[in-house]
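Asks: would you be able to build a 3D model of this:
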Amino acid sequence: MNFFSKRFLLESKRLVQLTWPLLVAQLTQMLMGVVDTVMAGHYDALDMAAVALGFSVTIPLMCFLQGIALALPPIISRYQGSRQSDQVAFAAQQAGYLLLVISLIILLLYPAIPTILQWFPMEDGLFQITLDYVRYVLLAMPAFALYQWLRNYCEGLGNTKPTMIITVIGLLFNVVANYCFIYGAGPLPAFGGAGCGIATAIVITVMFISTLVYTHMSRRLAHYALFSVLFRPDFKQMVRTFRLGFPVAMTLLFEVTLFAVVALMLTPFGATTIAAHQIALNFSSLMFMFPLSMGMAVSIRVGFRVGQNNYRQAATAVKSALVIGLCVAVLTATFTVVGKGIIISLYTTDIAVINTASALLIYAALFQFSDAIQVISANTLRGYKDTTAMFILTFFAYWIIGLPAGIILGRTNWITDAPMEAAGFWIGFIIGLSSAAVMLGLRVWVLHRRHASSPSYRLAET
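Replies: Next comes the predicted model:
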């Protein structure tokens, strides 16, 4: 492939334009979690633990809603590419109805929260704070669902900067709200960790209202007339959207639960191992935002080009994303290895933790290459609406290949003389992610080969 061809440079430019606001938004969203943990921790260690536990309960629900919402960009970007802008509002409204219904179903869990939390043995004080945190966040689920709906509506039409701006505003508002409700301010009492849940619910609502106002007033989006006509709920369209989004939602849940399971499996090896694992995992999650944002951008570009029936340019967009993603992986992996001492010092001064985490960051650097390929390939399949294949392949790679490999290396002496502990699980991550990269990459290659024989593949660039 000629990396300096007009097609390649065009797609690279448009991918970068879409990616950088998404990257800022993703990093800002991660910082919200960091701010919550730090500010609750400064109030009391018990409250910090409650926030961490409450977050572990609510994040799978939020990931599920986000996964369903991620079905919207490839749907409406196709309509945009095929110049069927009159269909965008209908498809978007049906996705909104679907997300609202699911969020209301989740809200029905409210009375069962105490029972759910009793599955996790904890002292009474910790239980009550965690319960209050989860209750407050759960009340914001409809607002979160509608925020994700409007966010993905904007992003699906290639309008990614509003998400960035609103998320940054949300982060700033989160700091202020946390201070007021955790520590108390004026007439407001100090709620401690539970106040972090109140702040989170308010911030989610503010972000939803801000996105709603922008979407309603934006001249750039006026052509698509999202609110001009209120369509009735269409069950068939909602089911089609659900079928497209459900595999994405389950894929997100697979990733979240995989890392949670590994953390639990490391508990027999002590606090030092767990702390080192969390440091490496936290930093890796930060680096993952780069290829993830590129993947989100390529799904939009692929959907747009497929809507144009221009499969050749869709393939070029994927190649551009992979080249850029791997180049960034070289930089982030190098930074991880060279700067691992500085990175770890930001988290801890414990020598034992530093030594263990230093070794784990080497593995974290290695899997950034396969991580970039697999997330870009997975989002390419989302752009092609091939989410069922994405779901099956990622489940197989993570849970059937990666996790068992990690258990064998980390918890047994079947292959090594002694269990490798955390290092064994990180090698399992590398095996699982590499397997996902190969399988998802092959699936993308099959789709491209399938379309290469069609006349539309030879379309000139538009």
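
Asks: residue 274 against residue 266, yeah?
Replies: Yes: at 5.4 Å, residue 274 and residue 266 qualify as touching, with contact defined as CB atoms under 8 Å. C-beta coordinates here come from the backbone N, C-alpha and C atoms, glycine included.

Asks: next, show the common contact partners of these two.
Replies: Here residue 274 and residue 266 share no contacting residue, scored by CB atoms under 8 Å, 6 or more residues apart in numbering.

Asks: any idea how far residue 296 is from residue 74?
Replies: 11 Å (CB to CB, to the nearest Å).

Asks: swap in residue 193?
Replies: Taken as CB to CB, the span from residue 193 to residue 296 is 32 Å.

Asks: for these two, indicate the residue with more neighbours.
Replies: The residue with more neighbours, out of residue 193 and residue 296, is residue 193; 28 against 25, by other CB atoms under 10 Å.

Asks: where does residue 414 land in three-state SS?
Replies: Secondary structure for residue 414, judged by DSSP: H, G, I helix; E, B strand; the rest coil, is coil.

Asks: tally of neighbours for it?
Replies: So residue 414, with other CB under 10 Å, has 9 neighbours.

Asks: surely it meets residue 408?
Replies: Yes: Residue 414 lies in contact with residue 408 (CB under 8 Å); the separation is 5.5 Å.

Asks: residue 79 contacts residue 85, doesn't it?
Replies: Yes: assessed by CB under 8 Å, residue 79 is found in contact with residue 85 at 6.6 Å.

Asks: when those two are compared, which one has more neighbours?
Replies: Set residue 79 next to residue 85 and count neighbours by other CB under 10 Å: residue 79 wins out with 23 against 14.

Asks: so who does the more buried one touch?
Replies: Neighbours of residue 79 in contact, by CB under 8 Å, 6+ apart: 85, 87, 88, 91, 307.

Asks: just give me the least confident of the residues you listed.
Replies: pLDDT across those is lowest for residue 85, at 89.

Asks: low-confidence ranges in this protein?
Replies: For the chain, the stretches with pLDDT under 70 are 1-4, 454-462.

Asks: break it into its domains for me.
Replies: 19-233, 245-462 (automatic domain parsing).

Asks: now those in JSON lines, with distance to residue 11?
Replies: Listed next are the domains of the chain as JSON lines, based on distance: least, CB to CB, whole Å:
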{"stretch": "domain 19-233", "distance to residue 11": "12"}
{"stretch": "domain 245-462", "distance to residue 11": "4"}
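
Asks: and residue 9, which of those is closest to it?
Replies: The closest of the domains of the chain to residue 9 is domain 245-462. By CB to CB, the value is 8.4 Å.

Asks: can you give me the offset of that closest one from its chain's centre?
Replies: 12 Å (CA atoms, centre = their mean, to the nearest Å).

Asks: out of the domains of the chain, which comes closest to residue 13?
Replies: Here domain 245-462 is closest among the domains of the chain (CB to CB), at 8.9 Å.

Asks: just checking, residue 304 touches residue 158?
Replies: Yes: the pair residue 304 and residue 158 qualifies as a contact (CB under 8 Å) at a distance of 7.3 Å.

Asks: overlap of the contact sets of those two?
Replies: With CB under 8 Å, 6+ apart, residue 304 and residue 158 have common neighbours 77, 80.

Asks: now do the phi/psi pair for residue 191.
Replies: Dihedral pair for residue 191: phi -100, psi -10, per degrees, to the nearest 10.

Asks: nearest residue to it other than its sequence neighbours?
Replies: residue 181 (5.1 Å; CB to CB, 6 or more residues apart in numbering).

Asks: for the one you found, give me its contacts.
Replies: 188, 191, 195, 196, 198, 199 are the contacts of residue 181 under CB under 8 Å, 6+ apart.

Asks: overlap in contacts of residue 79 and residue 85?
Replies: With CB under 8 Å, 6+ apart as the test, residue 79 and residue 85 reach no residue in common.

Asks: contacts for stretch 224-239, please.
Replies: Residues outside stretch 224-239 that contact it (CB under 8 Å, 6+ apart): 85, 88-95, 97-98, 101, 153, 157, 215-216.

Asks: ok, stretch 254-266 next?
Replies: 56, 59-60, 63, 273-274, 277-278, 281, 394-395, 398-399, 402-403, 406-407, 410-411, 421-422, 425.

Asks: also stretch 267-284?
Replies: By CB under 8 Å, 6+ apart, stretch 267-284 touches 259, 262-263, 266, 336, 343-344, 347-348, 350, 352-353, 356-357, 360-361, 363-364, 367-368, 421-422, 425-426.

Asks: do that again at 7 Å, thanks
Replies: 259, 263, 266, 343-344, 347-348, 352-353, 356-357, 360-361, 364, 421-422 (CB atoms under 7 Å, 6 or more residues apart in numbering).

Asks: for stretch 288-303, same thing?
Replies: Taking CB under 7 Å, 6+ apart as the rule, stretch 288-303 contacts 11, 14-15, 18-19, 22-23, 26-27, 30, 73-74, 77-78, 81, 155-156, 158, 314, 317-318, 321, 324-325, 328-329, 332, 371-372, 375-376, 378-380, 382-384.
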